[in-house]
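Visitor: Show me the folded form of this:
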Amino acid sequence: MLHDATHRAVRYFARALAACVLLFAGAAWAQSGEPIKIGYGISQTGGLAPNGKSALLAQKIWEEDINAKGGLLGRPVKLIYYDDQTNPATVPGIYTKLLDVDKVDLIIGGYGTNMLAPAMPVVVQKKKMLIGLFGLAVNSEFHYPNYFAMIPSGPAPKTAFTKGFFDTAMAQNPKPQTVAIVAADAEFSVNASEGARDNAKAAGLNIVYDKRYPPSTTDFAPIVRAIQATNPDIVVICSYPPDSVGMVKAINEIGFKPKMMGGGLVGLQATAIKTQLGPLLNGFVNYDFWLPVPKMDFPGVADFLKKYQAKAGSEGVDPLGYYIGPWGYAQMEVLAQAIVETKSLNDETRSRPWSAR
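Guide: Residues are numbered from 1 along each chain as shown. Sure, this is the predicted structure:
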């Protein structure tokens, strides 16, 4: 089912983006020797670096592939990217520089909600189109018609993110009665925890703990002990990579064993983190967006992963690339399809009610 949904999502985004680019014919295409510059920020250092590096390799492979096919509109493609350092404060400056100094033709979003949200004011002001990568409900406050997200969370992203976790929990016999929700006080985790709260209420669960912790937290033992004191049946954790690792270690050190825990831990999908934590991950129920299973083996992904894995060692990135690699490549493919279909690089600014995700 997810295989079909992925196909539909890619087709949907391609059609939507094509509709949001203004078709025109002009002399600009006469300068076919100049590359089409696509700019963005992407985490290469900091807590999101493992996933950001993996995404960048996927995007570089797309750049090689598209240029080997003749580029776009008869012009080569060049990616221009900067390390956002997993620091939201760097993001507005990066996108301002890309547009005002580097004069890129197009922009795309970087990786992750916390890095996409601070780009939005610049994007809206400049009236640019933006395709984000794994941004959860980034546009829920902006309602900007030309923002799109490469994430399989549908039109209700906040609740969708943990719905599978709650569905699985409620299938148990006896059913759980209580839930604890813990999240970092940052864009992604807040959005995911809001959805978890709605899912918990819909399931009829009693929320016995519902708190946020500062993103700079390094000692998670007090948080885990506070959750343990409420004796919840299940625990939903909404976190980014550094705190996901910290939470897993603290839960194991304290010996906290609820009936079910996990749901929204970003980072545990990375091969390096899985290897680091090993058996400490036993008992956690978490999400993933792509895995090498038959229903998700759609045309092209195996060829992409073969290229990715051949380069992963020398690039120092996740050796498998399952989590974000196919989506990073697809992000660029969607943009390319919109350009080819419209024969244009112009961003269209008219509102589309279905695009305000």
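Visitor: Can you pull the poorly scored residue ranges out of the chain?
Guide: 1-32, 348-357 (pLDDT under 70).
Visitor: Show me the domain layout of it.
Guide: 2-152+293-355, 157-285 (automatic domain parsing).
Visitor: Now those in TSV, please, with extra columns for mean neighbour count.
Guide: Just so you know, the C-beta spots here come from the backbone N, C-alpha and C atoms, and that holds for glycine as well. TSV is the format used below for the domains of the chain (neighbours: other Cβ atoms under 10 Å):
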stretch	mean neighbour count
domain 2-152+293-355	19
domain 157-285	19
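Visitor: Please enumerate the strands of the stretch 1-150 of the chain.
Guide: Shown for the stretch 1-150 of the chain, the strands assigned by DSSP state E, counting those that start in this stretch span residues 36-41, 77-82, 106-107, 130-133, 147-150.
Visitor: Output the contacting helices and strands for the last one.
Guide: Yep, that's strand 147-150 we're talking about. helix 2-19, strand 130-133, helix 325-342 (3 or more Cβ pairs under 8 Å, 6 or more residues apart in numbering; DSSP states H and E).
Visitor: Neighbouring strands of it in the sheet, and parallel or not?
Guide: Here strand 147-150 has these sheet partners by DSSP bridges: strand 130-133 (parallel).
Visitor: Just give me how far stretch 181-195 sits from the chain centre.
Guide: 15 Å (Cα atoms, centre = their mean, to the nearest Å).
Visitor: what's the span of it, first residue to last?
Guide: 10 Å (Cα to Cα, to the nearest Å).
Visitor: did I read that right, residue 209 in a strand?
Guide: Yes: Residue 209 sits within a strand when classified using DSSP: H, G, I helix; E, B strand; the rest coil.
Visitor: check which helix or strand covers the nearest residue to it once chain neighbours are set aside.
Guide: In this structure, residue 209 finds its nearest non-sequential neighbour in residue 180, 3.7 Å apart by Cβ to Cβ, 6 or more residues apart in numbering. Using DSSP states H and E, residue 180 sits within strand 178-184.
Visitor: Quick check: which helices or strands does that strand pack against?
Guide: helix 187-202, strand 206-213, helix 221-229, strand 234-239.
Visitor: Which one, of those, ends up nearest to residue 247?
Guide: strand 234-239 (5.6 Å; Cβ to Cβ).
Visitor: was I right about residue 118 contacting residue 86?
Guide: No: under the criterion of Cβ atoms under 8 Å, residue 118 makes no contact with residue 86, lying 11.9 Å away.
Visitor: What segments of the stretch 251-357 of the chain are strands?
Guide: 260-265, 284-285.
Visitor: could those be laid out in TSV, adding distance to residue 71?
Guide: Output for the strands of the stretch 251-357 of the chain, formatted as TSV (distance: least, Cβ to Cβ, whole Å):
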stretch	distance to residue 71
strand 260-265	39
strand 284-285	44
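Visitor: So for residue 223, which of those strands sits nearest?
Guide: strand 260-265 (13.0 Å).
Visitor: partners of the closest one in the sheet?
Guide: Looking at strand 260-265 with DSSP bridges, its partner strands are strand 234-239 (parallel), strand 284-285 (parallel).
Visitor: could you check the angle strand 178-184 makes with it?
Guide: 30 degrees (axes from the mean of the first three to the mean of the last three Cα atoms, to 10 degrees).
Visitor: Show residues contacting strand 260-265.
Guide: If you take Cβ atoms under 8 Å, 6 or more residues apart in numbering as the criterion, strand 260-265 is touched by 161-162, 165-166, 168-169, 172, 176, 183, 189, 192-193, 196, 233-239, 244, 247-248, 251, 283-287.
Visitor: Next, name the residue at the spatial heart of this protein.
Guide: For the chain, residue 134 is the residue whose C-alpha lies nearest the centre (Cα atoms, centre = their mean; 1.6 Å).
Visitor: Pretty sure it sits against residue 151.
Guide: Yes: counting by Cβ under 8 Å, residue 134 touches residue 151, with 5.0 Å between them.
Visitor: quick one: common contacting residues for those two?
Guide: With Cβ under 8 Å, 6+ apart, residue 134 and residue 151 have common neighbours 289, 327.
Visitor: circling back: the helices and strands packed on strand 178-184: which one's closest to residue 343?
Guide: Short answer: helix 187-202, nearest of the helices and strands packed on strand 178-184 by Cβ to Cβ, at 35.8 Å.
Visitor: Could you name the helices and strands sitting against the closest one?
Guide: helix 113-116, helix 157-170, strand 178-184, strand 206-213, strand 234-239, strand 260-265.
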